[in-house]
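Trainee: Predicted model and sequence follow; I will ask about them next.
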Amino acid sequence: MPKLTIDGHEIEVEAGTSIIQAAEQLGIEIPRFCYHDKLSVPANCRMCLVEVSPGPPKPQASCALACGEGMVVQTQSEMVKKARKGVMEFLLINHPLDCPICDQGGECDLQDQSVAYGFDRSRYTETKRAVKNKNIGPLIKTIMTRCIQCTRCVRFGEEVAGMNELGLLNRGENVEIGTFIETAVSTELSGNMIDICPVGALTSAPYTFTARPWELKKTETIDVMDAVGSNIRVDSRGNEVMRVLPRLNEDVNEEWISDKTRFAYDGLKYQRLDRPYIRKDGKLTAVSWDEALAFTAAKLKGVDGKEIAAVAGDLVDVESVVALKDLMKGLGSSHMDCRPDGTKFEIQSRADYLFNTGIADIEQADAILLIGTDPRHEAPLINARIRKTWLQSKVKVGLIGTPVELTYPYEHIGTSPEDLESLTRARSGFAKILKDAKNPVVIVGTGALRHTDGYDVHALAKQYAMKIGAGFNVLHVAAGRVGALDVGFVPQKGGYDIFKMVNAGKKDKLKAVYLLGVDELDTRAAFGTETFMIYQGHHGDNGARHADVIFPGAAYTEKNALYVNTEGRVQQAKRAVFPVGDAKEDWTILRALSEKMGKTLPYNTHQELRNRIFKEFPHLAQLNTKPIEALVASEHTASVGNKAFQRVVTNFYQTDPISRASVTMTKCVEAFIAADQPMLDAAE
């Protein structure tokens with residue numbers, strides 16, 4: 001481990017550490033444009049120059065120079081200051097003076113570093129060059145004249161996102177970033193290029209000319225567009241969400257987020273439920289809260305608890321699920337389920353439904369088996385981890401399921417549960433790769449668990465993982481699923497699951513059903529015309545269409561709540577704005593209804609509800625911690641068929657009521673999915 005001195009401070013670092021990384025460990029700032037700690041090192045901006053001795057009598061690029069024994073580094077010498085001013089002067093030769101109208105104004109690295117390290121005048125009088133803007137899709141606005149060719153966007157596309165559409169074209173003064181053939185950037189992570197661009201060349205198209213950073217209130221919260229639980233920051237002005245940005249969390253999303261997470265926020269403005277409704281003479285009519293609650297209580301009064309059921313949807317928080325469970329138990333009902341999509345798996349321990357390996361620890365895997373999942377569209381951040389692992393160690397990946405285009409090579413083993421069963425008995429091929437691996441990982445997707453053989457597939461995959469010593473993981477797609485499973489929102493003793501509820505509804509044996517944020521189900525077709533349906537949610541989507549009563553709830557940006565991600569990590573969402581109109585936080589609606597029905601829930605404040613949750617489920621009090629759960633051996637004898645697994649996410653951009661209401665996501669569907677459809681149809 002080499003020892004060196006930087007600005008008079010001695011430090012010992014690991015071999016291979018660059019000078020810029022060593023300086024960061026000491027808290028010494030070295031300016032940079034092209035260097036990014038998640039990307040490869042090109043050393044092409046030359047802004048990170050330092051003086052090194054012993055060495056050549058000229059400044060060195062600190063991002064590309066490894067620390068050596070006995071080095072003496074100066075970051076603020078006269079040579080370095082002069083060199084940085086020269087570099088900055090060159091960078092600004094062709095840069096336009098449009099800071100007042102640039103969306104990066106106030107958050108621009110070039111602005112900040114030109115003030116701190118640049119010269120106070122320019123000696124160049126030549127005409128600035130102009131570069132034609134590129135059309136790379138509906139999400140990113142390009143002003144390529146501002147580009148300083150740092151190539152961060154190119155390297156991000158190649159290394160993290162797995163797309164090679166952007167590149168550096170031409171040479172000399174004609175060099176520019178662009179696509180070889182004009183096309184949209186087709187990756188689910190493209191918005192991250194906006195964050196890493198150090199100038200205003202790539203900016204957010206939906207956010208353009210809407211706000212300045214100093215006008216916005218910043219709230220650190222959690223994303224619910226998938227089950228990864230990405231850490232995000234919601235920027236709001238007044239009661240409107242203006243943009244969503246990633247927060248650094250190395251264990252979950254690193255510093256990236258998916259495009260749906262970043263851009264679907266405009267869906268929070270449209271098709272919102274902002275007042276209660278009841279159905280009168282076949283039509284939904286807006287009413288007061290008192291009338292809606294009294295109407296519902298009257299309808300439920302006298303109904304046997306065995307004829308009432310409850311279903312929790314994909315975006316619900318832990319507090320709301322617990323309140324609904326308490327209400328159902330108070331009404332004498334044991335019919336409840338949090339799996340409206342029909343996923344099937346036995347729960348012998350918490351490890352049966354968690355991503356036990358952990359998102360970050362995927363990087364230690366040396367063989368990965370994907371069963372009935374498309375991680376690129378179900379969990380883009382987990383897919384990015386797998387690609388990162390493949391780039392580092394060329395990890396072997398096998399897929400059983402529908403062939404999909406991932407961002408790394410994989411071996412397609414088969415399409416059905418029968419192929420999984422054959423793999424468990426095989427001794428060669430990918431079975432040998434898994435058996436010989438030191439850290440094999442098995443990932444079971446929702447597509448496998450929605451299969452008609454879901455119970456058997458789950459048991460077979462778990463038994464196989466335990467047999468070969470692999471990490472067993474379930475990859476969920478619903479943000480609220482693990483939290484609901486953790487608090488036991490599943491059929492109680494003698495209770496109905498979603499299949500039995502639907503069957504009872506069609507036979508008119510179910511008098512009432514409470515739908516908490518259930519939007520991925522055709523409720524009228526599922527429960528028949530005689531079932532009294534109460535819908536509670538925040539958008540006028542599928543669940544509200546056939547409801548007899550609608551209670552307007554709060555979206556994820558409008559409440560303080562707990563969410564548990566697919567790996568079992570409990571995280572806290574914070575309220576950024578208030579609910580629209582007369583909408584209320586979900587648990588308060590259930591508390592008010594319980595009082596109307598004479599079954600008052602035993603908590604009056606959010607903190608009292610949290611205390612009740614932590615008392616019964618103490619593991620939920622361990623915030624931001626990845627749990628370690630032990631698998632329990634299953635005695636289940638699996639018997640599977642040859643029906644192929646189906647994809648769960650066919651339209652990445654519209655998977656929930658928020659993204660379906662988003663104008664930006666609709667544009668993405670038109671640009672990325674509708675454009676590809678004719679080719680797909682022709683291929684079929």
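Mentor: Perfect, I can see it now.
Trainee: My guess is residue 470 contacts residue 440. True?
Mentor: Yes. Residue 470 is in contact with residue 440 according to Cβ atoms under 8 Å; the separation is 3.9 Å. The C-beta positions use only the backbone N, C-alpha and C, and glycine is treated the same way.
Trainee: so what sits against both of the two?
Mentor: 367, 369, 434 (Cβ atoms under 8 Å, 6 or more residues apart in numbering).
Trainee: ok, and the most crowded of those?
Mentor: Greatest neighbour count in the shared contacts of residue 470 and residue 440, by other Cβ atoms under 10 Å, goes to residue 369: 31 neighbours.
Trainee: for the helix or strand harbouring that residue, packing partners?
Mentor: Using DSSP states H and E, residue 369 sits within strand 367-371. Contacts defined by 3 or more Cβ pairs under 8 Å, 6 or more residues apart in numbering; DSSP states H and E place strand 367-371 against strand 396-400, helix 430-436, strand 440-445.
Trainee: Return the list of strands paired to the first one, each annotated with direction.
Mentor: It stands for strand 396-400. Paired with strand 396-400 in the same sheet, following DSSP bridges, are strand 367-371 (parallel), strand 411-414 (parallel).
Trainee: Need the contact partners of it.
Mentor: 366-372, 386, 390, 406, 408-416, 419-420, 423, 430, 433-434, 437, 645.
Trainee: Please state the offset of it from the chain centre?
Mentor: 23 Å (Cα atoms, centre = their mean, to the nearest Å).
Trainee: quick one, it and strand 440-445 angle?
Mentor: 30 degrees (axes from the mean of the first three to the mean of the last three Cα atoms, to 10 degrees).
Trainee: any idea which element residue 5 lies in?
Mentor: strand 3-6.
Trainee: that older thread, would you point to the one among the strands paired with strand 396-400 that's packed deepest?
Mentor: strand 367-371 (a mean of 28; mean count of other Cβ atoms under 10 Å).
Trainee: quick one: contacts of that strand?
Mentor: 362, 386, 389, 395-401, 410, 420, 423, 430, 433-434, 437, 439-445, 448, 457, 461, 470, 645.
Trainee: if you set the cut-off to 7 Å instead, what comes out?
Mentor: The contact list for strand 367-371, computed with Cβ atoms under 7 Å, 6 or more residues apart in numbering, reads 386, 395-401, 420, 433-434, 437, 440-445, 448, 461.
Trainee: and that strand, C-alpha only, in PDB?
Mentor: C-alpha atoms of strand 367-371 as PDB (Å, rounded to 0.1, in the frame of the first residue of the first chain):
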ATOM      1  CA  ALA A 367     -23.400 -17.600 -11.800                       C
ATOM      2  CA  ILE A 368     -26.900 -16.200 -12.100                       C
ATOM      3  CA  LEU A 369     -30.100 -18.200 -13.000                       C
ATOM      4  CA  LEU A 370     -33.100 -16.100 -14.000                       C
ATOM      5  CA  ILE A 371     -36.500 -17.900 -13.800                       C
END
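Trainee: C-terminal to that strand, what's the next element?
Mentor: According to DSSP H and E, the helix or strand after strand 367-371 is helix 375-378.
Trainee: quick one: residue 513 is in a helix?
Mentor: No. Read with DSSP: H, G, I helix; E, B strand; the rest coil, residue 513 is strand and lies in no helix.
Trainee: Tell me who's in contact with it.
Mentor: Going by Cβ under 7 Å, 6+ apart, residue 513 touches 309-311, 501, 505, 527, 531, 533.
Trainee: shaky segments in this protein?
Mentor: Counting by pLDDT under 70, the ranges of the chain that qualify are 675-684.
Trainee: Helices of the stretch 451-600 of the chain, start to end?
Mentor: Using DSSP state H, counting those that start in this stretch, the helices of the stretch 451-600 of the chain run over 454-468, 481-486, 498-506, 523-527, 542-545, 586-596.
Trainee: related to what we said a few turns ago, could you say which of the helices and strands packed on strand 367-371 is packed most deeply?
Mentor: Using mean count of other Cβ under 10 Å, strand 440-445 ranks as the most buried of those, with a mean of 26.
Trainee: Now find how far off-centre the following helix or strand past that strand is within its chain.
Mentor: Next along the chain after strand 440-445, taking DSSP H and E as the criterion, comes helix 446-449. Offset of helix 446-449 from its chain centre (Cα atoms, centre = their mean): 19 Å.
Trainee: buried residues in stretch 384-400?
Mentor: Buried residues in stretch 384-400, counting neighbours by 16 or more other Cβ atoms under 10 Å, are found at 384-391, 395-400.
Trainee: er, stretch 97-113 I mean
Mentor: Along stretch 97-113, these residues count as buried under the neighbour rule (16+ other Cβ under 10 Å): 99, 102-104, 108-111, 113.
Trainee: distance of residue 628 from residue 242?
Mentor: Separation of residue 628 from residue 242 (Cβ to Cβ, to the nearest Å) stands at 39 Å.
Trainee: Quick check on those two: which one has the bigger neighbour count.
Mentor: Just comparing residue 628 and residue 242: by other Cβ under 10 Å the higher neighbour count belongs to residue 242, 22 against 9.
Trainee: Identify the residues contacting that one.
Mentor: 207, 210-211, 216, 235-236.
Trainee: re earlier: residues in contact with the strand holding residue 5: which ones?
Mentor: Taking Cβ under 7 Å, 6+ apart as the rule, strand 3-6 contacts 10-12, 22-23, 26, 28, 67-73, 75.
Trainee: how far out from the middle of the chain is it?
Mentor: That offset, for strand 3-6, works out to 40 Å (Cα atoms, centre = their mean).
Trainee: same thing with stretch 493-502?
Mentor: Between the centre of stretch 493-502 and the centre of its chain there are 31 Å (Cα atoms, centre = their mean).
Trainee: how about it as CSV, C-alpha atoms only?
Mentor: The C-alpha trace of stretch 493-502 is given here as CSV (Å, rounded to 0.1, in the frame of the first residue of the first chain):
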residue,chain,number,x,y,z
LYS,A,493,-57.4,-19.2,9.0
GLY,A,494,-60.2,-20.3,6.7
GLY,A,495,-59.9,-17.2,4.6
TYR,A,496,-60.1,-16.7,0.8
ASP,A,497,-57.1,-15.8,-1.4
ILE,A,498,-57.7,-13.8,-4.5
PHE,A,499,-58.8,-16.8,-6.6
LYS,A,500,-61.4,-17.9,-4.0
MET,A,501,-62.6,-14.3,-3.6
VAL,A,502,-63.2,-14.0,-7.4
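Trainee: List the buried residues of that stretch.
Mentor: Quick answer for stretch 493-502 (16+ other Cβ under 10 Å): 495-498, 500-502.
Trainee: Which single one of these is nearest to residue 615?
Mentor: Of all those, residue 495 has the smallest distance to residue 615: 23.4 Å, by Cβ to Cβ.
Trainee: Now that closest one: closest residue in space that isn't a chain neighbour?
Mentor: Spatial nearest neighbour of residue 495, excluding adjacent residues (Cβ to Cβ, 6 or more residues apart in numbering): residue 334 at 3.5 Å.
Trainee: same thing with residue 517?
Mentor: residue 313 (3.4 Å).
Trainee: Next, format the helices and strands packed on strand 367-371 as a markdown table and append distance to residue 63.
Mentor: Below are those laid out as a markdown table (distance: least, Cβ to Cβ, whole Å):
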| stretch | distance to residue 63 |
| --- | --- |
| strand 396-400 | 31 |
| helix 430-436 | 37 |
| strand 440-445 | 33 |
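Trainee: Which single one of the buried residues of stretch 493-502 is nearest to residue 124?
Mentor: residue 498 (68.7 Å).
Trainee: does the residue nearest to that closest one when sequence neighbours are not counted have beta-bridge partners, and which?
Mentor: The spatial neighbour of residue 498 that comes closest, neighbours along the chain excluded (Cβ to Cβ, 6+ apart), is residue 337 at 4.6 Å. The residues listed as beta-bridge partners of residue 337 by DSSP bridges are residue 311.
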